[in-house]
Each structure stands twice: as C-alpha cells, then as structure tokens.
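**Q** Got a sequence here, can you model it:
(chains A and B)
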Amino acid sequence: MITVNETLGQYSELFMLLAALTYTVSFIAFAADLVRAQKITTAPAEPAQEPALATTGAPGTVEWTHGAGAVGKANDHHNAVVDDAMGYKALRRPAARIGVAVGILGLVVHAAGVVTRGMAAHRVPWGNMYEFTTTGAMLVMAVFLTTLLFRDLRFLGTFITGLVLVMLMAGAIAFPTPVAQLIPALQSYWLIIHVSVAVLSAAIFTLTFALSVLQLAKTRQEKRGKPRTAGLLRLVPSPVSLEQLAYRLNAVGFILWTFTLMAGAIWAEAAWGRYWGWDTKEVWTFVIWVVYAGYLHARATRGWDGTRAAWLSIIGYLCVIFNFAVVNVYFPGLHSYSGL
Amino acid sequence: MTTTNLPPQNPREDVALPRLGPAGMLRWAWRQLTSMKTALQLLLLLAVAAVPGSLFPQRPANPAVVTQYIQDNPGTGPWLDRFQLFDVYSSVWFSAIYLLLFISLIGCVIPRAMQHWKALRSQPPRTPRRLSRLPEYGTMTVAAGTALTPDRAIEDAARILRQRGYRVQLRDTGTDLPSVAAERGYLKEAGNLVFHTAMIGVLVSIAVGGMFGYRGQKLIIEGEGFTNSEPGYDSFFPGTSFNPGALVPFSLTLNNFDVTFDRKPASYGNPIDFTADMTVQDSPSDAPRQETLRVNEPIGFGGTNVYLIGNGYAPEITVRDGEGNIALQGPVPALPTDATYNSTIVIKAPDARPDQLGFVGFFLPTAMVDENGVAFGSDPDPYNPQLNLNSYTGDLGLDDGNPVSVYQLDTTELTQLNGRDLPDGGIVLGAYQTYELPDGKGSITFDGLKRYVALDIVYDPGKAGALVFTTLALLGLIITLTTARRRVWIRAGKHEDGRTMVEYGLLARGEDHSLAKEAIRIGSALTTHWNKAHDQNRQATP
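**A** Alright, predicted model coming up:
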C-alpha cells in the first residue's frame, strides 16, 4: 500500500511560498522596466543599414544583396524602440534582465515545490484543483521563459509573473488540499498524459491571450493617433508582429488542445464506457476547441484577421479560464475532481 | 476551407446584375454556404450552441434530474423543454448547425482536393517577369572571369533547391535569361485536407456507433450474476438500427467486491480502490475464467466492454408478513447519496399477506447520533450499519402491470405504520436486529450486508473508426500547421561586362513566418557554393 509522505508535502508548500516571494521580486523588476522605458526620449542610434535590409557582402567572387521587395518591410517607426521582428536594438534594460534572472530562480524553486508534491503523493502532481493551479502556474512561467529564447517577450514579464503569483495565491487560499492518494477514477496513466498536455496548452494560450490583449491596446493607441511611443506600451511591438507571434503560438496550443481532447476521449472510453458524452467539462473543452478553430479560420478569412481574430483568441482564453475555475468547481459533472 | 479571391470589382455602373434563375440561385446559395466566412460563422455558432448543454441538465446523461428540474420550475421548465434545451446535442437547432457546417466542409474539401491533385501533378508556375515585386527578393553578382554561365548558375540553383525539398523545373535554358521555378510544402494542403476529411470520418463513426451499438446498465450484488441478453438489463438503450444479434452471449458473476478508503486524517474517507473480482464466460460453451474489474480497466468481450461505474451496499433483509410467512428474503440495493455512502433504500414485499408491505428510508454504513438525536452516517465503511425506515401497508401498485422503478415507492395510497411522527416511531434496525411491525402486520430483520457494483455494458462499433479518424485529423493538423508552402524563382543572366547576374524571389502561400529566413538560407547556400567553386577553379588553374 502506498502511503503519502506528509513531511515532504510540507516542504512542497514551503517551496511554493518561496517561489511566490521570488516571483514578487521578478514582478517588481519587470514593472520597473516598463516604467523606465516611458522615459526613453529618443530611440537608440539606428544601425547604419535599415534593419530589414541585410547585406551579406562577400569579399571577392559573389556580391549578394538581400532586401525587401515591393512589400515594404522597412522599419518605419523611427521613434519606436522595437522593430517588427521584436528586436530592441541596443536598448539596455537592466531591470528586465533582473526580472528574467529572478524569474528563473523562482521557476527552479517552484519546480522543486511541484516535484516534492508529486514525490510526497507518489504520483504526478496534478490530481486536484490545488495541484492543477500550482503546476499550471509553473508551466505558464516555463513556457514564458522558454519563449524568451526565441523572442524578446520581456514586455510580458509583469503580466506573466503577476498571473503566476495570482495562481499560486489562489491555489493556497481558494483550493488548499492536503497531499492525498487519487480516487479510483483518476488512477490511470491517462492522467499523466491528458492533464499535463491540457495544462501545457492552457499555459500557451495564456501567453497568446496576453499578446492579443496588447495587440488590441496597441491598435487602439495607433487609431487614436497617439505617438506610438507613449505610455506603458512603449516596449510593446507593433500589432502586426504581436498578431503573428500569437498565431504561431495559438497553432501550437491548438494542436496540443486537440490532443487533450483526443486523450480525454480515450480515457473517458476506458473509465465511463463512452468516448464522448457531453459532460459539462467535455462541452467546454469542445467549445474552446471550436473557438480556437474559429480563430485559425479567421486568420485566413478576409475581414476577420487582425482585431477580430485577436478577440477570438481572447474569448478562447476566457473559456479556458471558465472551464478551469468555474466548471471544475461549480458545475456538477463526471469531471468533479476539484477536491473541494 | 475556401479562401475566396474576390474578382476585381467592375468599375462600370451601367452593367445590370445578371438574372440568377433557380439554378443560379442554387449555385449562389452553395457558394455562400461553402465560403470561408460562412464556415467561420457556423463554427462560432456551434461553439455558442454547445454552451446551454452545460447549463441545463441533459436527458441522455440524467433523465431523472431533468424531470425534477421541470417539476421545480413549472414556469420556465416546459418552455426550455419546448426549445429542446434538455436535449441540446440532439436538438433540431444544434443538428442544423453542425450539419450545415459539415455540408460547407464537404463543399469546400472536394474542390480543394481536386485542385490539389492537379497541383501535385503539375510543374511550378512560370517565372514572373519582375521578381522584385515578390515579398522576398535579392540579387547576386558573380564577378567576371568565373566559368559560371547563366545556364550553369540555374543548374546549381536547381540542385540546391532540390536538396531543400523543392520541386523544381528549369525554364528557358539555353536563352539569355534562364530561370528555375520551384515549389515546396505540398504537404501543407494535403494535411489540411486530411484533417477536414477526417472530421467527416469522425462524424460518420459517431453515427455508426449510435445506429448499431447499444448501452445497458446492470446492478450486480455479490454472489449474483448476469448473462448478456436484453431482458437481463436493468435499463437498455439500443441504437436506432440495433440488431439483437450484436449481443455477445457472455456471462459474469460478482464473487467479491473490495473497497479501500483513505485513512489519512487529511483525506479521511476518500475512496482509493475499487476492485471487483469476477468469474466470466465468453459464451456458455467457454470455460469460466477469473477477471478483475476496476475503474479505468474494463473487461472486454469481443467488441463489448463491461465498465465499473458505481457501487454501494445491499443490506440483506427478511420480511415476515402478518401470517408469519417469509414474504421477502435477500439483499436489497441501497442507492448512495453522498461520499460516506449514506443511502436511500426502498424495500417492497408484494407477497406479504394479508396486506402488502413497503419500507422507505435510509441505510447508514456507520451510524452516529447528533445532538438533536438524528442519526447520520459518519464513515463509508460499515462499522455500525443501521437501517432507518418508515413502513407502509396496502396495495403497492405492482400488480396492474405498469413498470415501476424498484427504487421508488408511491406511498400516497398506502397506510403508514411507522414514522418519526407516528406513535410507534420510525424503525431503527442495527445489524442482526428484528423489528415487529405494529398491529401484527409482520416483522423485518436486518440479516447482513453485501456490496454491489453498477455496471455499464457498452457495444460501440464506431469506436475504432473514431479513434482512427481523430488520429488522422491530429496528424493532418500537425502537418498543415507546421509546414510552409513556398515558391522560389531564380533567374540568371550575363551582364555586358562579363559578370553573371542572379536574382531570386520568394512567395509564401498561406501563413509563413520564416520566408525571409528561407531567402537568406538559399542566398547564402548559393553564395557559398559559387565562392567555393571559384576558389577551387583558381587552385586548379594557377
């Protein structure tokens, strides 16, 4: 008989607390970065060449020029600090660097909390609302930091660390659940697969939600004719580049969500004898899937890209939150595993 | 789905709209339905239409809750029912949306598949006159004095493009301006088509399951058995085209049912294991074998699976009637109402004479008494099992042939013998105790306790198809969302001064965020190649 290790469970809670404190420091640093960026009056020196016009001059036989064709790609925001490829040129952002470094430290401590929780229960640490929230928060942070390797999304730092803090607090205050063994319905290897991928795609949708909100804010700012450089959105890139990145991430999120749905159906077949039964949780998983499918179609439909697509991305994420926070807790159904 | 490229608007206003006629109207309606915009609107409508099914109780999942809801809301209930809000997923409006969506999908997939089939067998399109108009464009100049002729340059380019997975075709070789046209990423469209076609397959599989499958429920008490036949079920839901031949003749007996509850203080009383020990036979002629049935681990008989869905207690009862004869003896299943297995129980003794006897009440596995003297259950394990019953006598209403649930007793026509408000009080029976009913109507004894399992037995012939098609859909989705479809053209020519001039242009078809990167890669591959070739030439001819 497996027994839970309560001492380890207490260590896990301590790690979670330490992670939250570390994230608070990271949050403050990212916020300072946004505030400081408002004060930059002139853009740093432009590079000699237009950034999109990369010349690879070969000394000798072949002379090569690659540049934008008829579709203008040149950076026309002369006063902006960020170009369409989300490059920040030579802009120094010490506060943001601190935010990332402390954030990484926070993630390490957070991961220790999640892992000890799993070790304490001798199973994967996602079996009730407390665990969904803390593991989900960890994945949100991990996805964010991983994306930083490819794109400079540090302008999202305040949002992400803020959200992760809220999730950790919600886990501790609203859903505190002691370490325990799983009820029989959850004793399946599909728990490992289905729930982990669901939480991962939710973490990706979190990122695209933030990008889409900023896309709308930035579009609005441009429409009002305000200088593009004003306010806290100073560091935020153009709506077009936000939309493109959101699309790429949403495509990955959609693939993972499709897999979540499939894995859930296979598990439901094993547990309840039917792969689809319109249980409340299934309904909302389906609704989310259709909304993001709509988003992908909208991106290829004239008149639906841009702002409308961004709204769909936002609605999709609100459905994800609803599915998690409201359906799990308040809706009766077969998926009532919240442990509340 | 179809991305429509609108034809340029005719600027002349004197052109009258052509009269459409019935065929034209149909064509117009078809084009509207299969347009991307309509598909998108139907998709969003489908998402909205699915929501009410999570807000209102649904008949297929929980018919009793729906009946209760309508009774509790006499004003709104019938109206909600009229608009099929208790049967959302089989409602006219929900079906209309998804059927239109699928028609739109078919109307889109077929022409696209034919187009793609053509594209697969045709060569990349001809080289545009002005490559500089393409989204990615670049030029290269190879110094005079190298052996690189325009034809040679194009052959090199074609080889490099082929290595990068392009389908290439050389154009105008031997002329002043030879060029190569290249295209890659045909899989993007193929994956997209596979995804959408697989969606149709999923829908068909669901329909097949709904037509030819069946689903039934059976409650089995320890020591009892079940043979798969329609009358053997407690409730049976055949598909619309169900054939009784689909019933596999298996049988099973529940030998023992084990339940383990968590005894850690923090999670006290949570179930952590349900194990049903069964003896099964695939058919009457097969040898019996032992099987373990657990949650998440169904037992299969061919395509028919047996699932452990629920469990509870069945107190063993003996009812003696007014004449002293045994009117009922055996386990009676009690339905759990909460996590501590506090259960409702209905006991009917229609054989009791001179009057039939009925009992309604609670079964508590571990009974305790609170400060008000009310009994409550405190533990899911049977540490102090107790029956709290009211008793009734009269005509139980079982003899007029109408089917009545065994878990319900209509007491309106009966005479109550025992109850909290009556002088004789309610019946409280501990283990092995007997209670003598008032007025010499008989007695009831609590003899012992058994457990039972609630089984779902399901045959769904569409299941395998649904799995195959969803897997195909996922694969198609991954391919279409991760592949880029691109066209590249490279043209070469000789300048008067002897230099070889090369220009290239790239075009993305659909979403492509790394077209610029691809252009750089191709450009640098060509540059490197020609630089190296020239160096080698120089070394070869000092």
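**Q** residues in contact with B:Arg485?
**A** Residues near B:Arg485 by CB atoms under 8 Å, 6 or more residues apart in numbering or on different chains: B:Glu183, B:Arg184, B:Gly185, B:Tyr186, B:Lys188, B:Glu189, B:Ala508, B:Arg509, B:Gly510, B:Asp512. Yep, even glycine has a C-beta here, placed from its N, CA and C like the rest.
**Q** filter the residues you listed down to the ones close to chain A.
**A** B:Gly510 (CB under 8 Å from any CB of the partner chain).
**Q** Kindly provide the distance from B:Phe362 to chain A.
**A** Computed as CB to the nearest CB, to the nearest Å, the B:Phe362 to chain A distance reads 22 Å.
**Q** So what's the residue count around that residue?
**A** 20 (other CB atoms under 10 Å in any protein chain shown).
**Q** that's a strand at it, yeah?
**A** Yes: counting by DSSP: H, G, I helix; E, B strand; the rest coil, B:Phe362 is part of a strand.
**Q** I'd assumed B:Ile345 was in contact with it.
**A** Yes: using CB atoms under 8 Å, B:Phe362 is in contact with B:Ile345, at 6.8 Å.
**Q** which residues do the two both contact?
**A** Joint contacts of B:Phe362 and B:Ile345 (CB under 8 Å, 6+ apart) are B:Leu387, B:Leu389.
**Q** Which helix or strand contains B:Met161?
**A** Careful, residue B:161 is Leu and not Met. Assigned by DSSP states H and E, B:Leu161 belongs to helix B:150-163.
**Q** re the thing from before, and the contacts of B:Arg485, which of them are buried?
**A** B:Glu183, B:Arg184, B:Gly185, B:Lys188, B:Glu189, B:Ala508, B:Gly510, B:Asp512 (16 or more other CB atoms under 10 Å in any protein chain shown).
**Q** Save those residues as JSON lines, and put in secondary structure, pLDDT and distance to B:Tyr166 too.
**A** Shown next, in JSON lines, are the buried ones among the contacts of B:Arg485 (DSSP: H, G, I helix; E, B strand; the rest coil; pLDDT from 0 to 100; distance: CB to CB, whole Å):
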{"residue": "B:Glu183", "secondary structure": "strand", "pLDDT": "95", "distance to B:Tyr166": "6"}
{"residue": "B:Arg184", "secondary structure": "strand", "pLDDT": "94", "distance to B:Tyr166": "4"}
{"residue": "B:Gly185", "secondary structure": "coil", "pLDDT": "92", "distance to B:Tyr166": "9"}
{"residue": "B:Lys188", "secondary structure": "helix", "pLDDT": "93", "distance to B:Tyr166": "14"}
{"residue": "B:Glu189", "secondary structure": "helix", "pLDDT": "94", "distance to B:Tyr166": "16"}
{"residue": "B:Ala508", "secondary structure": "strand", "pLDDT": "91", "distance to B:Tyr166": "14"}
{"residue": "B:Gly510", "secondary structure": "coil", "pLDDT": "79", "distance to B:Tyr166": "16"}
{"residue": "B:Asp512", "secondary structure": "coil", "pLDDT": "81", "distance to B:Tyr166": "14"}
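**Q** now, which of these sits nearest chain A?
**A** B:Gly510 (7.3 Å; CB to the nearest CB).
**Q** May I have the phi/psi pair for the nearest residue to that closest one once chain neighbours are set aside?
**A** Leaving out its chain neighbours, the residue that sits closest to B:Gly510 by CB to CB, 6 or more residues apart in numbering or on different chains is B:Arg485, at 5.6 Å. Note on B:Arg485: its backbone torsions stand at phi -100, psi 120 [degrees, to the nearest 10].
**Q** so when I look at A:Ser196, I'm seeing a helix, right?
**A** Yes: A:Ser196: assigned to a helix according to three-state DSSP.
**Q** residue contacts, the closest residue to it other than its chain neighbours?
**A** Of all residues beyond its chain neighbours, the one nearest A:Ser196 is A:Trp126 (6.7 Å), with distances taken as CB to CB, 6+ apart. Counting by CB under 8 Å, 6+ apart, A:Trp126 makes contact with A:Phe132, A:Thr135, A:Leu191, A:Val195, A:Ser196, A:Val199.
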